[in-house]
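Student: Dropping the sequence and predicted coords here.
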Amino acid sequence: MENSIYLDEARDPLIIAEGWMKDGKDVAIATVVETWGSAPRPVGSHLVIDADGNFHGSVSGGCVEGAVVTEAIDVIDSGKARMLEFGVADETAWQVGLSCGGRIKVYVERLG
Amino acid sequence: MDPYALKTLNAERRARRAAILVTDLGDGRDRVVREGDKVAGDLGAAIAKAFRTGNSGSVEAEGRTFFLNAHLPQPRLVVIGAVHISQALAPMAKIAGYPVEIIDPRTAFATPDRFPDVALHAEWPEDVLKRQPLDSYTALAAVTHDPKVDDFALKAALDANCFYVGALGSRKTHAKRVERLLALGATADQIARIHAPIGLDIGAASPAEIAVAVLAQAIHAFRSRGLDAKGAVA
């Protein structure tokens, strides 16, 4: 019960990202910065990714995480942040879109 | 993200202090703003609002687009007294998104039987609060009617600037309590923050109805905090 009032450190994406950084890993952080319509995760939600494709957290209900992880590995390599957009109206929706019908914008940046 | 910003942000979050990560979406630069830090202009107004509402979002200011990610500690409710009111208050508050802890040294009251699925401490508030201090994202409701149990916790709640402090008892009971708290070193301004008699005035009669009145008052205190003091924009 006491975990509910303090951070659940074992599952907290930003705590995990800090731990990875301390272990010398390259890390990317993805953040939901905008949502339209029904979106499974609120603005501010995080997915953190390391260079091997390990990840924690979520930016959707599991619908687009795969695509975000792929982009994140590019971002780790290039160091250049990217803004990704997912939604049913989007071309990519056919591959990885949101079944809920919403749209989300995800900012992906390298840590450091 | 700047590694130093991440470390700073996580340190604030671990300490249950509010912080906002401000990211310039144009160049990716970011910084951590703590509650009370002075930020001027439209950006400052947006930051003040984000601290109050806890909502994250983008804002246009100074010809740039900033993303504000608001990290507010989970508000929680500490109840002094494992009484009938608390039995109704605990599940209601949990549903409303305010996890509850109950403290009562009287072991006849504080039994898991009476309080299933609640963090329950059959100990003196002095001992529990030493381990788990109160803070400004904690509400405290003192409902034992017993000065030996309630008074220390009320003084601690005022000193920790809990966003809500309520105490059960009639006006007459409260007048005596005020005398005792003054003797404990509380200031008149601090004591004026105590909601007593406890709960919104909805004519609550049963223990469960009083619980509704207390919960509603605590929610109101949380959602309106800082509005008078800081002159934040709505």
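Tutor: Yes, it's here.

Student: OK, contacts around residue B:182?
Tutor: B:188, B:191 (Cβ atoms under 8 Å, 6 or more residues apart in numbering or on different chains). Just so you know, the C-beta spots here come from the backbone N, C-alpha and C atoms, and that holds for glycine as well.

Student: Could you rerun that using 10 Å?
Tutor: By Cβ atoms under 10 Å, 6 or more residues apart in numbering or on different chains, the residues touching residue B:182 are B:188, B:190-191.

Student: One more: residue B:215?
Tutor: B:77, B:88-89, B:92-93, B:95-96, B:98, B:100, B:139, B:141, B:199-200.

Student: Return the distance of whichever helix or strand it is part of from the chain's centre.
Tutor: Using DSSP states H and E, residue B:215 sits within helix B:207-223. Put simply, helix B:207-223 sits 13 Å off its chain's centre (Cα atoms, centre = their mean, to the nearest Å).

Student: List the buried residues for it?
Tutor: Residues of helix B:207-223 classed as buried: B:210-219, B:221-222 (neighbour count, 16 or more other Cβ atoms under 10 Å in any protein chain shown).

Student: cool, stretch B:190-201 as well?
Tutor: By neighbour count on 16+ other Cβ under 10 Å, the buried set for stretch B:190-201 is B:190-191, B:193-196, B:198-200.

Student: Restricted to helices, list these.
Tutor: B:190-191 (DSSP state H).

Student: filter the buried residues of stretch B:190-201 down to the ones close to chain A.
Tutor: Among those, no residue sits close to chain A (Cβ under 10 Å from any Cβ of the partner chain).

Student: about what we covered before: which of the contacts of residue B:215 has the most neighbours?
Tutor: Highest neighbour count within those: residue B:141, with 33 neighbours (other Cβ atoms under 10 Å in any protein chain shown).

Student: what bridges to it?
Tutor: Beta-bridge pairing of residue B:141 under DSSP bridges involves residue B:79, residue B:166.

Student: Show me the helices in chain B, by range?
Tutor: According to DSSP H, chain B carries its helices in the segments B:3-14, B:41-53, B:84-95, B:125-131, B:147-159, B:171-183, B:188-191, B:207-223, B:227-230.

Student: Any idea which residue of chain B lies closest to chain A?
Tutor: Shortest chain B-to-chain A distance, computed as Cβ to the nearest Cβ: residue-wise this is residue B:56, at 3.4 Å.

Student: For the closest residue to residue B:184 other than its chain neighbours, give me its contacts.
Tutor: Closest residue to residue B:184 apart from its sequence neighbours, by Cβ to Cβ, 6 or more residues apart in numbering or on different chains: residue B:155 at 5.0 Å. Applying Cβ under 10 Å, 6+ apart, we find residue B:155 in contact with B:125, B:165, B:180-181, B:184-186, B:190-191.

Student: Redo those as CSV? Include pLDDT.
Tutor: Listed next are these as CSV, based on pLDDT from 0 to 100:
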residue, pLDDT
B:125, 98
B:165, 98
B:180, 97
B:181, 97
B:184, 96
B:185, 97
B:186, 97
B:190, 97
B:191, 97
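
Student: Filter those down to the buried ones.
Tutor: Among these, those buried by neighbour count (16+ other Cβ under 10 Å) are B:125, B:165, B:181, B:186, B:190-191.

Student: near chain B, which residues of chain A?
Tutor: A:1-7, A:9, A:12, A:14-15, A:17-19, A:21-22, A:27-29, A:31-35, A:42-46, A:48, A:79-81, A:83, A:105, A:107, A:109-112.

Student: if we can go back for a sec, just the pLDDT at the residue of chain B closest to chain A, thanks.
Tutor: Among the per-residue scores, residue B:56 holds a pLDDT of 96.

Student: what's the neighbour count on it?
Tutor: Other residues lying near residue B:56 total 22 when counted by other Cβ under 10 Å.

Student: And for the one 5 residues further on?
Tutor: Residue B:61: 17 surrounding residues under other Cβ under 10 Å.

Student: Where does pLDDT dip in chain B?
Tutor: Residue ranges of chain B with pLDDT under 70: B:226-234.

Student: from chain A, which residue is nearest to chain B?
Tutor: The nearest approach of chain A to chain B comes at residue A:44, 3.4 Å away (Cβ to the nearest Cβ).

Student: Let me know whether that residue touches residue B:21 as I believe.
Tutor: Yes: in terms of Cβ atoms under 10 Å, residue A:44 counts as a neighbour of residue B:21; the distance is 9.1 Å.

Student: So which of the two has more stuff around it?
Tutor: Using other Cβ under 10 Å as the criterion, residue A:44 and residue B:21 rank with residue B:21 on top: 24 against 19.

Student: can you pull the contacts of that one?
Tutor: For residue B:21, the contact set (Cβ under 10 Å, 6+ apart) comprises A:14, A:31, A:44, B:1-2, B:5-6, B:8-9, B:12, B:30-33, B:56, B:67-71.
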